[in-house]
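J.: Sequence first, predicted coordinates after that:
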Amino acid sequence: MTLSTFHAQIGTQEVDLPIASMSKDLALALLITVDMGMAFMEQAGRELAELLRPFDVDVVATVATMGIPVAVEVTRALGLEQYVVLHKTQKIHLADAIAEPVRSITTAGEQKLLYDRARVDAVAGKRIAIVDDVVSTGASTGAALRLFKGIGADVVVIGTLVTEASIWRTSLGEDAVKVRALGSIPVFRPDGAGGLVEDWEG
C-alpha cells in the first residue's frame, strides 16, 4: 500500500505528516514547524520544556529555520530571555561568523553552521539546551555540539519534537544520551511493489 502520510504522536498531540520522496531509496515524513500553527507549537514547546526543565538551562539554542519556532516556544515556556540561532546561510551580520561544517539529510552538499561572533558571550560558560524540530542523522546536532564546545558553552541537553529512525544514536555517540524527544518517526523505504515500508533503523 502506498503511504501518503504518517500518523505521528508528538507529546500529547497527534498529527498526520506528509511523506516526501528524497531519492529512489528513501522517503521522509516531513514535520514543517512553520506550517504547524501557533497552538500546536505553543503546546509542543511547553511539553518539550518540561522535559528540559530538570537540566537548569541558561540559554536555548537551535538551527535555522525549522528549529526557530521550537526555540521560541521552549524559551518562553522555561521563562528564559535568551535563545540563539545557528544559521546555514550567510547573512550580513555573519561575515566574521564562527563556522562548523555540516551535512544534512534534507539538504544537498556540505554546508556550514554559522554563529554570530558578537553573541559568544551569550553562551560561553552557560548551560545550553540545543532544540530542534527533528533529530535525524544527528549531523546538524553534532555540528552544533562541536561549535558550542569550541566557544566554551556546556550543552547539557538536546531537545527535539521527534527523533527520526535511529542512525542519530551512532552519529552522536556518547552525546546521544542527552536527547529528549516528544515522539519518534521512521524513515521509509520502497517495498518493491510500488509502496513504502517503515524503517526504524535508518
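T.: Sure, I can see it.

J.: Can you show me the helices along this protein?
T.: Residue ranges of the helices in the chain, as given by DSSP state H, are 38-52, 67-78, 139-150, 167-172.

J.: Figure out which of those helices is closest to residue 98.
T.: Nearest of those to residue 98, taken as C-beta to C-beta: helix 139-150 at 6.3 Å. Where C-beta positions appear, they are placed from N, C-alpha and C, glycine not excepted.

J.: mean confidence for the closest one?
T.: Taken as a whole, helix 139-150 has an average pLDDT of 97.

J.: And for stretch 37-48?
T.: Taken as a whole, stretch 37-48 has a mean pLDDT of 98.

J.: For residue 89, list the residues it contacts.
T.: By C-beta atoms under 8 Å, 6 or more residues apart in numbering, the residues touching residue 89 are 64, 114.

J.: what do you get for the one 10 residues further on?
T.: Contact analysis of residue 99 by C-beta under 8 Å, 6+ apart lists 112-115, 147.

J.: Need these in JSON lines (columns: neighbour count and distance to residue 15).
T.: Output for the contacts of residue 99, formatted as JSON lines (neighbours: other C-beta atoms under 10 Å; distance: C-beta to C-beta, whole Å):
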{"residue": "112", "neighbour count": "19", "distance to residue 15": "32"}
{"residue": "113", "neighbour count": "23", "distance to residue 15": "28"}
{"residue": "114", "neighbour count": "23", "distance to residue 15": "31"}
{"residue": "115", "neighbour count": "26", "distance to residue 15": "31"}
{"residue": "147", "neighbour count": "25", "distance to residue 15": "31"}
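
J.: In strands only, show me those residues.
T.: Mapping the contacts of residue 99 onto strands (DSSP state E) picks out 112-115.

J.: wait, which of the helices of the chain is closest to residue 186?
T.: Residue 186 lies closest, by C-beta to C-beta, to one member of those: helix 167-172, at 11.3 Å.

J.: Tell me which residues of that closest one come out buried.
T.: Neighbour-count burial for helix 167-172 flags 167-169, 171-172 (criterion: 16 or more other C-beta atoms under 10 Å).

J.: repeat for stretch 55-66
T.: Residues 55, 57-63, 66 are the ones in stretch 55-66 that count as buried (16+ other C-beta under 10 Å).

J.: Tell me the bridge partners for the nearest residue to residue 10 once chain neighbours are set aside.
T.: Nearest residue to residue 10 in three dimensions, chain neighbours excluded: residue 183, at 4.4 Å (C-beta to C-beta, 6 or more residues apart in numbering). Taking DSSP bridges as the rule, residue 183 bridges to residue 162.
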